[in-house]
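In: I would like the atomic coordinates for the input below:
(chains A, B, C and D)
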Protein chains: 2
Amino acid sequence: MNVKDNSVNIKESSRDASKESGTYHHGDLRAAAIAAGMEKFGGQNHPDLGLRALARELGVSATALYRHFPNKDALLDALALEALNQLGAHQAQAAQSVGGGREGFGEMGVTYVRWAVEHPALVRLIYDRVGKVDLAAGNPTKMGEAFYQLRAGIAATMSEDISPEHRATATLHAWSLVHGLAMLILDGQVEYDPDMIRKVVTLADFGLE
Amino acid sequence: MNVKDNSVNIKESSRDASKESGTYHHGDLRAAAIAAGMEKFGGQNHPDLGLRALARELGVSATALYRHFPNKDALLDALALEALNQLGAHQAQAAQSVGGGREGFGEMGVTYVRWAVEHPALVRLIYDRVGKVDLAAGNPTKMGEAFYQLRAGIAATMSEDISPEHRATATLHAWSLVHGLAMLILDGQVEYDPDMIRKVVTLADFGLE
DNA sequence: ACGTTCATGTTAACAGCATAAACATTTGGA
DNA sequence: TCCAAATGTTTATGCTGTTAACATGAACGT
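Out: This is a model prediction of the structure:
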């Protein structure tokens, strides 16, 4: 017999973990793994995930995740994509409820930084994974699209009667500013203060108004 | 007998590693370890150091480093401090050979970004370690001083007849901008191009001239 | 000159990690 | 109903950081 005398317990705990969408025989492990991973990264600063720990938390064997992800990096990629989509949605929503110009970008920047502060490990994960994935295999991944959306959201706060080159430069300027500010906060070099963020961000003048 | 028949070889390779400042009996391992670590991080993007690999490279036993560093983090801290000092020196030198105002800061920013691009793993290491160390034990570490020097270098490009608060805001703005730009490049989101860097950085207008 | 002490290095061992191979079981379709 | 594919478990391998016990050699007091 492969399974020992506590097999029933193991199965039960497996069932407890997730019993929705039970299309196949034990549970929807892949989704459960991503959900648990996202939750684990939610309140953390530095991304640190152990396959064994995650599997234990899911009530499943240590190597079970290899049926759904070829390796750890693949799981992290999935998490990073999920996180990037969340950030993108947040950002798009903020861009919608805001006008253009300096104040508009101020709101936009504050939103970016706040999301980063609230999900430090996820921001780190996003940039860490995309830095390795996109370069390795020149694949037009979904992460590429998601990043395009992000940049588009930032560019949306700028008026349209400026040259494309200047527009590109200004977009990069804005992205660098908010990203750098967020990173300095996450790395403990600057303390988070929304008012201060807005002051710093609204100092930006792209010559766009 | 504790040492096997190849003990002589081991000793010899240990001597080869570093024979200067031989104050104590085998070699100056601590310095050699830091030097080797710096070299290993020099041409790397993501910081990744293995104690065993490093020890092997130094011709020394796997656990020998524990006589000089309480743990791996302590070694990384030492490396980060060394790197931060190098960056600081580079930055101070750049600040000296440059005037104030927008162009001055442009030169300064290009220097910061270029150093980051040339030493990716070291920049990552610096911010990674300082983010954990300074917060954990509220110690007025040498890294704190080094960072102060860094900010001072950036602030030096600004004229003096502006209010301290505005000055602080502008400094943070400038730091965020160049740091974010550097990070986006290291993470593969922006390709390194000195001219573009200068364009983006000189877009900054802090109301300081 | 000699013996002790301390800094430094080595060996062996432990727990945890990612991962691969072989085996077991459940599901779903022919 | 039966076979194949999907999913999970067990076992094993080689890596990692770290600790404990032991060895060595240099420095220092007498």
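In: How about stretch A:169-184 and chain B, touching?
Out: Yes. Using C-beta under 8 Å from any C-beta of the partner chain, we find that stretch A:169-184 touches chain B at A:169-170, A:172-173, A:175-184. In short, each C-beta sits where N, CA and C put it, glycine included.
In: In helices, which of those appear?
Out: Residues of the residues of stretch A:169-184 next to chain B located in helices (DSSP state H): A:169-170, A:172-173, A:175-184.
In: Show residues contacting the helix or strand hosting residue A:73.
Out: Secondary structure assignment for residue A:73, by DSSP states H and E: helix A:72-96. Here helix A:72-96 makes contact (C-beta atoms under 8 Å, 6 or more residues apart in numbering or on different chains) with A:33-34, A:37-38, A:41, A:47, A:49, A:51, A:65, A:69, A:107-108, A:111-112, A:115, A:119, A:122-123, A:125-126, A:128-130, A:132-133, A:142-143, A:146-147, A:149-150, A:153-154, A:156-157.
In: now do stretch A:191-200
Out: By C-beta under 8 Å, 6+ apart, stretch A:191-200 touches A:106, A:109-110, A:113-114, A:117, A:177, A:181, A:185, B:169, B:172-173, B:176.
In: Most neighbours among those residues, which one?
Out: Within those, residue A:177 tops the neighbour count with 30 neighbours, counted by other C-beta atoms under 10 Å in any protein chain shown.
In: what residues are up against the closest residue to that residue other than its chain neighbours?
Out: Among residues not flanking residue A:177 along the chain, residue B:177 sits closest, at 5.1 Å (C-beta to C-beta, 6 or more residues apart in numbering or on different chains). Neighbouring residues of residue B:177 by C-beta under 8 Å, 6+ apart: A:173, A:176-177, A:180, B:109, B:200-201, B:204.
In: Format those residues as TSV; extra columns: pLDDT and distance to residue A:100.
Out: Converted to TSV, the contacts of residue B:177 look like this (pLDDT from 0 to 100; distance: C-beta to C-beta, whole Å):
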residue	pLDDT	distance to residue A:100
A:173	93	16
A:176	96	20
A:177	96	17
A:180	98	23
B:109	91	26
B:200	93	20
B:201	91	23
B:204	78	20
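In: what's the closest of those to DNA strand C?
Out: Of all the contacts of residue B:177, DNA strand C sits closest to residue A:180, with 30.1 Å by C-beta to the nearest atom of the strand.
In: count of residues packed around that closest one?
Out: A count of nearby residues for residue A:180, using other C-beta under 10 Å, gives 24.
In: Please consider this matter closed, and thank you.
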